[in-house]
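*Asks:* Could you look at this predicted model? Sequence included:
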Amino acid sequence: MAREITDMQIKLISLVSAGANNKKNIYKNENFNELLRVDFKKSDAEQGVVYGIVYAPDEVDTQGDFANADEIKRAAYNFMKRSDLSYCIDVNHNFNIADAYICESWIVKSKDEFFNEEGAWAVGIKIEDEELREMIKNGTITGLSMYGSGVIKGSEKEDVTKGGVIAALKEFFGSSKNFKKESSNKGETMDENRVAELVKAGISANDARLETA
């Protein structure tokens, strides 16, 4: 049975091999001459922007969850308000900050130029890393997936304080040994505090003490 999510707080958007939302990226070149589905020419990749749906309303994702249009709009606005937009993109949820950033964010309306899913949250991501552009061109990267917290109706909100973030990351990496240090694509070495800081994407300690739904 599908579960409805409310009160979402999105910290990172990940470029992934298959998006949890089952949507594919749309790629547009810097001159905005052509709109293409991931299958594009090499010449179109120069200084390009990749566009994709982060979350569409009332569509069940691969984890069996969904959110309505109002919740998605609220999550999108909060993300833009709280995030450092140059430190909120990674690849395949590796928590290494990619050389890419959010350059556009909007709620899809009727007759949208790119997407048909009215009420969905869409973003444009500027890809500045050549290797990452190549991964998008050759189909290795095909979608978007978000990382954050939310309330499943009838349950308590997941903890997104520092302790909760570190616990979640340790579970993700499989062991504290593997977790201790990760190097970002920008050459940074991130310890637990730095990773937690980036994942929270600029949320203050007070803001992170979220109440139970």
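*Replies:* Ah, there it is. Numbering: from 1, shown residues only.

*Asks:* Give the buried residues for the top strand by length along the chain.
*Replies:* When the chain is scanned for its longest strand (criterion: DSSP state E), the result is strand 3-16. Buried positions in strand 3-16, judged by neighbour count with 16 or more other Cβ atoms under 10 Å: 4-16. Where you see a C-beta, it was placed from the backbone N, CA and C, and this is true even at glycine.

*Asks:* repeat for stretch 108-115
*Replies:* The neighbour-count criterion (16+ other Cβ under 10 Å) identifies 108, 115 as the buried residues of stretch 108-115.

*Asks:* now the strands for the chain?
*Replies:* Under the criterion DSSP E, strands of the chain are mapped to 3-16, 26-28, 35-36, 49-55, 65-66, 89-91, 100-107, 121-127, 143-152, 182-183, 189-190.

*Asks:* and of those strands, who's closest to Met80?
*Replies:* With Cβ to Cβ as the measure, strand 100-107 is the member of the strands of the chain nearest Met80 (5.4 Å).

*Asks:* Give me the sheet partners of that closest one and which way each runs.
*Replies:* strand 121-127 (antiparallel) (DSSP bridges).

*Asks:* Test for you: state the pLDDT assigned to Ile127.
*Replies:* At Ile127 the predicted local confidence, pLDDT, stands at 89.

*Asks:* Which parts of the protein are helices?
*Replies:* Assigned helices in the chain, in chain order: 69-82, 130-137, 162-173, 176-179, 192-200, 205-208 (criterion: DSSP state H).
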